[in-house]
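> Sequence and predicted structure below; questions after.
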Amino acid sequence: MKNGLNILPEAALDLVSVGALNHRVDSGILPFSKATEWRVHPSGGEYNVAANLANCFRLRTGIVSAMVDYPIGDLIAERVRAMGIQPFYKYFKHNGVNGPNMATIYSDRGYGARPPVVFYNRANEAAAQLKTGDFDWSAILSKGVRWLHSGGIFASLSETTGEVIIEAMQAAKSAGTVTSFDLNYRAKLWRIWGGEARAQTVIRRIVKNVDVLVGNEEDLQLGLGITGPKVVAKSRLDPTVFFEMIDHVLSEFPQVKVVATTLREVHSTNRHTWGAVAWINGQTYASPTCELDVYDRVGGGDGFAAGLFYGLLVGEQPQEAVNLGWAHGALLTTFPGDTTMATLEQVQAFAKGGSARIQR
């Protein structure tokens, strides 16, 4: 257990994500107020991790979520199948007028000095209506699940979704499954029903059941209420503040074995310096850094998480696991959409210092 995690050696599924499925509409470099057409990307922070692990890293994954029986639901469900993910759905019947709905996330890509703009329509979202007792966790876990993942976006949707995560994680821990949580603090979502104080109450209860935590220093402060250190980071790529906060995290959540985050210095919308760091079982690790020419930045953090989890699941050394996460997150920003189009071989080559020379 060089990473401190007691991961099942074999199981029917390598990872199951618990979260909301939605669809992101992307108007490209045009703002939505000027756009007359856009592309659709099935998405969801938790889904993205399962999709990346199945499609790029060739692991067996599942998604526990809500699904609505109307054409948007059909579109998303088709993509779940195409990415190779086993679904566990609670179905909702659409009334033909106002829902329940699969949420819509609107996101242009910005350009140069103009940043991307993201806004939502999560009205009457089916996933927000999920509650404890909706899923038979013993059946889902019965054939073995090595890793269970969820995140702060799903937790923020309603007063019941955080309870679903806790129920899932407690069942997973009883089954010997490793658990992870991406803090993904979104103030506008929490603000609807309680704000920062309520977020911390919910997230702290979740994290008591978590082995692997993903989130930057801002997520740790806003989502968990962890006090920031007095040191000041020299740049966005300086991990000093993040590492200084680990002791505070462990003092309150001593069962956590891994804490990880990406580092990003944004020079313009399309030019970033990219890195990643992790604390794993008492040791700190930093990836290389690289200059990214960004096509679509949405999903880069989920790409990092997927690569890191893959490295840990297959028994790579901690440094290699961090590098795989860093490499996959970097490559993911070069594709349209929230999920991967990279191959495992491309990720491995980039993690080892591969270049952008043409491949013949």
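It's in.

> make it CA atoms for all contacts and neighbour counts henceforth
Fine.

> Quick check: residue 50 touching residue 57?
No - applying C-alpha atoms under 8 Å, one finds residue 50 not in contact with residue 57, separated by 10.0 Å.

> between the two, who's got more neighbours?
The residue with more neighbours, out of residue 50 and residue 57, is residue 50; 32 against 21, by other C-alpha atoms under 10 Å.

> Could you find the closest non-adjacent residue to the more buried one?
Distances taken as C-alpha to C-alpha, 6 or more residues apart in numbering place residue 61 nearest to residue 50, at 5.7 Å, with adjacent residues excluded.

> hey, what's the one you found bridged with?
Following DSSP bridges, residue 61 is listed with bridge partners residue 15, residue 85.

> With residue 248 as the reference, measure out to it.
Separation of residue 61 from residue 248 (C-alpha to C-alpha, to the nearest Å) stands at 33 Å.

> So between those two, which is more surrounded?
Remark: of residue 61 and residue 248, residue 61 carries more neighbours, 28 against 16, as counted by other C-alpha under 10 Å.

> ok, now how distant is that one from residue 285?
From residue 61 across to residue 285, the span is 27 Å (C-alpha to C-alpha).

> low-scoring stretches of the stretch 1-150 of the chain, by residue?
Where the stretch 1-150 of the chain drops to pLDDT under 70, the residues are 1.

> all helices for it, in order.
Using DSSP state H, counting those that start in this stretch, the helices assigned to the stretch 1-150 of the chain run over residues 45-55, 71-82, 137-141.

> is it possible to export the ones you listed to a markdown table including distance to residue 127?
Converted to a markdown table, these look like this (distance: least, C-alpha to C-alpha, whole Å):
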| stretch | distance to residue 127 |
| --- | --- |
| helix 45-55 | 12 |
| helix 71-82 | 12 |
| helix 137-141 | 17 |
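
> Deepest-packed of those helices, please.
With neighbours taken as mean count of other C-alpha atoms under 10 Å, the helices of the stretch 1-150 of the chain reach their highest mean count in helix 45-55, at a mean of 28.

> Would you mind pulling up the elements that it packs against?
Applying 3 or more C-alpha pairs under 8 Å, 6 or more residues apart in numbering; DSSP states H and E, one finds that helix 45-55 contacts strand 15-18, strand 61-68, strand 85-92, strand 147-151, helix 300-313.

> And those: which comes nearest residue 76?
Between residue 76 and the helices and strands packed on helix 45-55, the tightest spacing by C-alpha to C-alpha is seen for strand 61-68, at 8.7 Å.

> which residues touch that closest one?
The contact list for strand 61-68, computed with C-alpha atoms under 8 Å, 6 or more residues apart in numbering, reads 13-21, 47, 50-51, 53-54, 73-74, 77, 84-94, 100-102, 126-127, 130.

> could you flag which of those residues are buried?
Buried by 16 or more other C-alpha atoms under 10 Å: 13-21, 47, 50-51, 53-54, 73, 77, 84-88, 92, 94, 100-102, 126-127, 130, out of the contacts of strand 61-68.

> about what we covered before: from residue 282, how far off is the residue nearest to residue 50?
Using C-alpha to C-alpha, residue 61 is found at 29 Å from residue 282.

> Also residue 46?
Residue 46 is 27 Å from residue 282, where distance means C-alpha to C-alpha.

> ok, now residue 53?
Distance of residue 53 to residue 282, computed by C-alpha to C-alpha: 26 Å.

> With residue 254 instead?
Using C-alpha to C-alpha, residue 254 is found at 11 Å from residue 282.

> can you give me the strands for the stretch 251-360 of the chain?
Along the stretch 251-360 of the chain, counting by DSSP state E, counting those that start in this stretch, strands occupy 258-268, 271-280, 283-286, 290-293.

> So which of the ones you listed is nearest residue 30?
Closest to residue 30 of the strands of the stretch 251-360 of the chain, according to C-alpha to C-alpha: strand 258-268, at 16.3 Å.

> Can you tell me what sits against the closest one?
3, 111-115, 211-216, 235-239, 246, 272-281, 301, 304, 326.

> mind redoing it with 6 Å?
112-113, 212-216, 236-237, 272-280 (C-alpha atoms under 6 Å, 6 or more residues apart in numbering).

> May I have the beta-bridge partners of residue 26?
Here residue 26 shows beta-bridge partners residue 39, residue 107, assigned using DSSP bridges.

> I'd guessed it sits against residue 37; true?
No - using C-alpha atoms under 6 Å, residue 26 makes no contact with residue 37, being 8.7 Å away.

> between those two, who's got more neighbours?
residue 26 (24 against 11).

> residue ranges with poor pLDDT in the stretch 201-350 of the chain?
Residues of the stretch 201-350 of the chain meeting the criterion pLDDT under 70: 230-234.
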